[in-house]
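1. model the following, please.
(2 chains)
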Amino acid sequence: MSTLQERLNELLARKFGVPAEALRPDNTLEDVGFDSLAVIELALALQEGFGIPVRDDELSTSDSLARVAALVADKGVAVP
Amino acid sequence: MTRQGNGTAGSRRGYPVAVTGLGLVTPAGIGPRANWERLCTGRSAAAPDPALAGAAVEFSCRVPDFDAGELLGPATAWRLDRFVQLALVATRQALVDAGLATPAAGTEGPALTTSVPGARIGVVLGNSLGGTGTYEEQHRRLLDGGVGRVSPLLIPKSMMNMVAGYVAIDCGATGPALVTATACASGATAIGTARELLWAGVCDVVIAGACESALSPAVLAGLSRMGALSRRHDDPAAASRPFDVDRDGFVPGEAAGVLVLEREADARARGARVRGYVSGYGSSSDAYHATAPDPSGTGVERAIRAALADAGVEPADIDHVNAHGTSTPLGDVTEARVVHRVLGDGPAVTSTKGVTGHTLGAAGAIEAAYTVLAVEHGTVPPTANLENVDPQVPVDVVAGRPRSRRIRAAISNSFGFGGHNAVLVVTAAA
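-> I've put the predicted structure just below:
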């Protein structure tokens, strides 16, 4: 089983085309090419990919990928 | 930049407009060379379309092996509807062909290498239906899950004008950018409009063309309910058969075609290869019916005569016609009669839609590019599937194999729902 961060990275690569070398936990969403609309799309993708409620205003371009993973974990997604 | 043309290409307007680059992404292939080779085989690209399972028709003319992630990069591709993806690839090809940009490194956009400032580069692209695939998908999500399930990219992905916006972003063109919408004449209208920008001195280079990718279920249901589509489900490859007595409607397709246009003097001054000239443009409205062609053909005739006058050529100078010829029962005969009335027996007529299907808003642009290629090669590609010419068609339609002949001047016809008629005159490079 993969970690939550790995699952998140897989989503970012597959759906949003983020290159592998950019998938570092301390990179912000802006660093990996997200604008405000893409962040809302990510919130939608997290809802559907992880089956959790994510409001549009719970994410911003300045969030790090680690912060996004933590948000998903906070919603009760189990980390193996 | 020189602002005075010398009239060598025959235009009465004083600024001969040169075609210096071509880009084609169509059911006949990706790139002008692949397109030309496929056209000359006369083999139709229509095929069963697994994506249309359960739709009003289950065959179409799609661009084969088009991988947007590979061509544009996945970080760009996911944000774009397919109609924009096709146009970006065609534009990149055309700019490189024109010697204005270096090929994209990996999936980066093209790097402009020209001294022409971005502000002097315009973008005029035709489109008819916009991002209908995106629109229909998001509408399903709205119905299924409510507002919160709708993508925030619905609007920027589906609006028609976004293709001009994204092309400008991709290559750094900061002059005027707009989209023309005259249904299936949109591409020809775009090229005609681009010439105006060059004549007016507003731009030194215009990226002109069109795109369409609207093979989505509701659109196809609508076209089918109009009775516009071929029902030859048992033999899709034979379904698009312009001017053939057994035609029964068009095969819907997707495509993008882009021409780089410049005033001839500017193109010569920078040492560009001139592939041909867009020497004339004429447009008119039938003002007759929303979707049916005016059986008198007077609107079409006025557009052809206006284009000839604009180019300063006579009917007897036209050696080739790339017909609108969509493979519909009424439209093909109406067009053929008008072409014969105006141009007589001289021109070798073809409809490249036998190969490509009807790519709707893109058709006028890809066929303008095909006309440039025909003039360049001195060859008229055959009309695919033309086995028995409808006896009501009085013109010389090329069938079977390509026909070699000198082409001094040619016209490309495009007509659209709404009664839009747009005709381009293409002449050979000096």
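2. shaky segments in chain A?
-> With pLDDT under 70 as the threshold, chain A has low-confidence stretches at A:1-2, A:78-80.
3. give me the residue from it nearest chain B.
-> Chain A approaches chain B most closely through residue A:17 (2.8 Å), counting by Cβ to the nearest Cβ. Where C-beta positions appear, they are placed from N, C-alpha and C, glycine not excepted.
4. spatially nearest residue to that residue (excluding sequence neighbours)?
-> residue B:74 (2.8 Å; Cβ to Cβ, 6 or more residues apart in numbering or on different chains).
5. same check, this time on residue A:34
-> With sequence-adjacent residues excluded and distances taken as Cβ to Cβ, 6+ apart, residue A:34 is closest to residue A:61, at 5.6 Å.
6. for residue B:384, what are its contacts?
-> B:42-44, B:240-241, B:354-355 (Cβ atoms under 8 Å, 6 or more residues apart in numbering or on different chains).
7. widest-spaced pair of those residues?
-> The distance between the two most remote of the contacts of residue B:384 (Cβ to Cβ) is 12.5 Å, for B:43 and B:241.
8. tell me which of the two has more neighbours.
-> residue B:241 (28 against 15; other Cβ atoms under 10 Å in any protein chain shown).
9. distance of that one from chain A?
-> Residue B:241 sits 41 Å away from chain A, going by Cβ to the nearest Cβ, to the nearest Å.
10. next, that residue: secondary structure please.
-> At residue B:241 the chain is in coil, as set by DSSP: H, G, I helix; E, B strand; the rest coil.
11. which residues touch the nearest residue to residue A:65 once chain neighbours are set aside?
-> Excluding the flanking residues, the one nearest residue A:65 by Cβ to Cβ, 6+ apart is residue A:25, at 5.2 Å. Applying Cβ under 8 Å, 6+ apart to residue A:25 gives the contacts A:5, A:64-66, A:69.
12. which of those are buried? Put it as a PyMOL command.
-> In PyMOL, this line selects whichever of the contacts of residue A:25 come out buried by 16 or more other Cβ atoms under 10 Å in any protein chain shown:
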select buried, chain A and resi 5+64+65+69
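13. ok, the contacts of residue A:25 vs residue B:114, which is closest?
-> Taking the contacts of residue A:25 together and measuring to residue B:114 by Cβ to Cβ, the closest member is residue A:65, at 39.2 Å.
14. and that closest one, how far from residue A:29?
-> Distance of residue A:65 to residue A:29, given as Cβ to Cβ, to the nearest Å: 7 Å.
15. show me whatever sits in contact with both of the two.
-> With Cβ under 8 Å, 6+ apart, residue A:65 and residue A:29 have no common neighbours.
16. got the residues of the stretch 301-430 of chain B near chain A?
-> Within the stretch 301-430 of chain B, no position is near chain A by Cβ under 8 Å from any Cβ of the partner chain.
17. residue B:183 contacts residue B:126, doesn't it?
-> No: counting by Cβ atoms under 8 Å, residue B:183 does not reach residue B:126; the two are 9.3 Å apart.
18. shared neighbours of those two, anything?
-> With Cβ under 8 Å, 6+ apart as the test, residue B:183 and residue B:126 both reach residue B:361.
19. higher neighbour count, those two?
-> Legend: neighbour count by other Cβ under 10 Å for residue B:183 and residue B:126, higher for residue B:126 (39 against 22).
20. list the beta-bridge partners for that one.
-> residue B:180, residue B:210 (DSSP bridges).
21. from residue B:389, how far off is it?
-> 30 Å.
22. the longest helix along chain A: what's the following helix or strand?
-> In chain A, assigned by DSSP state H, the helix with the most residues is helix A:36-50. Counting by DSSP states H and E, the element after helix A:36-50 in chain order, helix or strand, is helix A:65-74.
23. quick one: list the elements packing against that next one.
-> Other elements packing on helix A:65-74 under the criterion 3 or more Cβ pairs under 8 Å, 6 or more residues apart in numbering or on different chains; DSSP states H and E are helix A:4-16, helix A:36-50.
24. so can I have JSON lines of these showing distance to residue B:232?
-> Shown next, in JSON lines, are those (distance: least, Cβ to Cβ, whole Å):
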{"stretch": "helix A:4-16", "distance to residue B:232": "38"}
{"stretch": "helix A:36-50", "distance to residue B:232": "40"}
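25. buried residues in stretch B:48-68?
-> So for stretch B:48-68, counting by 16+ other Cβ under 10 Å, buried means B:49, B:52, B:55-57, B:59-63, B:66, B:68.
26. and if you look at stretch B:205-220?
-> In stretch B:205-220, the ones that count as buried by 16+ other Cβ under 10 Å are B:205-217, B:219-220.
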